[in-house]
Structures are given as C-alpha cells and as structure tokens.
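Participant: with the sequence up front, the predicted model follows.
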Amino acid sequence: MSPRSSKKKTKKAKKSKKGGAAAPADVYISLLYVSVAAIVVGIIFLAMELGKYGWAGT
C-alpha cells in the first residue's frame, strides 16, 4: 500500500460564529499591528529629525 492511497484524517477549519464576537487575533495579526506601529513611529522620528534641518511638511 503506497502512502498516497492511505487516507489521513484532516483537521477541520475553525468557523467563526455569525453574529457572535469576532475571532481572536492570532500571532500574525499581532505582528502586523506591531510592524505598522513601528513604521508610524519611524515616520514621526524622521519628521522630527528633518525638522532640525528646516524641513516643513506639506
């Protein structure tokens, strides 16, 4: 019997409840928020540094 013909049990995907609370954020969503926050903080620090050289935002 080859491994291709053997039937394995697969895990079922979790379904979110309609009308219930949203599904909890997983680690990848959390990392997305952290990276967006880092980009925003970096832009703020860049604007502060450029302000020392007379740069004015539009």
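Facilitator: Arrived safely. Residues are numbered from 1 along each chain as shown.

Participant: would you map the helices across this structure?
Facilitator: 27-51 (DSSP state H).

Participant: where does it have low pLDDT?
Facilitator: Scanning the chain for pLDDT under 70 picks out the ranges 1-3, 5-23, 25, 57-58.

Participant: run the last query once more with 80
Facilitator: 1-25, 56-58 (pLDDT under 80).

Participant: can you report how many residues lie near Val27?
Facilitator: Using other Cβ atoms under 10 Å, Val27 has 7 neighbouring residues. Any C-beta I mention is one placed from the backbone N, CA and C, and that applies to glycine too.

Participant: now do the contacts for it.
Facilitator: Neighbour list for Val27: empty [criterion: Cβ atoms under 8 Å, 6 or more residues apart in numbering].

Participant: and it, how far is that from Tyr33?
Facilitator: According to Cβ to Cβ, to the nearest Å, Val27 and Tyr33 sit 11 Å apart.

Participant: check Leu46 too.
Facilitator: Taken as Cβ to Cβ, the span from Leu46 to Tyr33 is 20 Å.

Participant: sounds good, over and out.
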